[in-house]
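Trainee: next input, structure requested:
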Amino acid sequence: MRFSKGIKLLTVGIIGLSALFLVACDGEDRPDVDVVDDGSASSSASGSGSASGASGSGSASGEPASEGVIEPKPEGATQVDVTLQEWAVVTSTPSVAAGELYFLVTNSGPDDPHEFVIIRSDEAPDALPTVEGKVPEDEIDLVDEIEPFTPGSAASITVNLEAGNYVLICNIAEIEDGELESHYELGMRTAFIVE
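Mentor: Reported below is the predicted structural model:
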C-alpha cells in the first residue's frame, strides 16, 4: 500500500514539475531566441537617437508592439507626413529643405506593426545591404528611428537633417507562416532628398 501511494505521489510530482517546466520554457525567457508573437515582434536593433515614437518590441523579448506616441511639433520645424503600409513607405513630399524636420508617421497596416528608420545613403532605396531580410543598422549611416508601433496608430520623430540623400524604410524581418517576411525587401522603402 505504502509503495503504491509513493508511486502515485511521485507521478503527480513529476507531472506538476513538467507543467511548470513547459510554462517557463515558452521562449520568452530564453536569451538569444527570437520569438514572433502574432507576427508583431521583430528583432530590429534599437536606434541611436531620440525618437519620439513608441518603444515597441524591437527585440527578442516577444513583447507585442505598442501604440505610437505623437509628440508636439517643434515651432519652426518642417512637417513631413509619412504613411507606412503593407508594403510601402509613402511621404507627403519627396524632398524638403535642410533643417529641423518633424516626421508624423501613420501606420495604416492593415495587419502588421511597422517601424520608421531614417538612413543617410546615396544608394538606391532597394540597394541597401541585407542580412536575413534586415538592413544591418550598424553597417549603414543610421540617423534615427521610431521603434515598431501598431497598425491604426501614429508616432512622431524630430530630427535635424543636413542636405543629402536619405532612404526611409521599415526594417522589420519576421517569420510569418514559417517563412521570412522582410518588410524592407517587400517594398517598404523610399528615397528622400534633403536640399
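Trainee: how about low-confidence regions in this structure?
Mentor: Scanning the chain for pLDDT under 70 picks out the ranges 1-63.
Trainee: and the lengthiest strand in the chain, what does it pack onto?
Mentor: Counting residues, the longest strand found in the chain (DSSP state E) is strand 99-109. Secondary-structure packing of strand 99-109 (3 or more CB pairs under 8 Å, 6 or more residues apart in numbering; DSSP states H and E): strand 78-85, strand 114-120, strand 141-149, strand 154-161. C-beta coordinates here come from the backbone N, C-alpha and C atoms, glycine included.
Trainee: how about the helices in this protein?
Mentor: 2-24 (DSSP state H).
Trainee: can you list the domain ranges for it.
Mentor: Listed domain ranges for the chain are 1-30, 78-194 (source: automatic domain parsing).
Trainee: what is the end-to-end distance of the last one?
Mentor: Which is domain 78-194. End-to-end distance of domain 78-194 (CA to CA, to the nearest Å): 12 Å.
Trainee: what's the answer for stretch 124-143, then?
Mentor: With CA to CA as the measure, stretch 124-143 spans 17 Å from end to end.
Trainee: tell me, how many residues neighbour Ile70?
Mentor: Using other CB atoms under 10 Å, Ile70 has 17 other residues around it.
Trainee: same check, this time on Thr106
Mentor: Neighbour tally, Thr106, other CB under 10 Å: 21.
Trainee: surely it is in contact with Thr83?
Mentor: Yes - with contacts counted by CB atoms under 8 Å, Thr106 reaches Thr83, the gap being 5.2 Å.
Trainee: so who does Ala191 touch?
Mentor: Shown in contact with Ala191 (CB atoms under 8 Å, 6 or more residues apart in numbering): Pro94, Ala124, Pro125, Asn165, Tyr166, Val167.
Trainee: mind listing the residues bridging to it?
Mentor: Beta bridges link Ala191 to Val167, judged by DSSP bridges.
Trainee: so how far is Glu71 from it?
Mentor: Separation of Ala191 from Glu71 (CB to CB, to the nearest Å): 26 Å.
Trainee: go on, Ala155?
Mentor: Taking CB to CB, one finds Ala155 at 9 Å from Glu71.
Trainee: show me which of the two is the more surrounded one.
Mentor: Higher neighbour count among Ala155 and Glu71: Ala155, with 30 against 15, using other CB under 10 Å.
Trainee: any idea what the more buried one is bridged to?
Mentor: Note on Ala155: beta-bridge partners by DSSP bridges are Val105.
Trainee: what about Ser92, how many neighbours?
Mentor: Count around Ser92 with other CB under 10 Å applied: 12.
Trainee: can you pull the contacts of the closest residue to Thr190 other than its chain neighbours?
Mentor: Spatial nearest neighbour of Thr190, chain neighbours left out: Val89 (4.5 Å); criterion: CB to CB, 6 or more residues apart in numbering. Residues near Val89 by CB under 8 Å, 6+ apart: Val82, Thr83, Phe116, Leu168, Ile169, Cys170, Met188, Arg189, Thr190.
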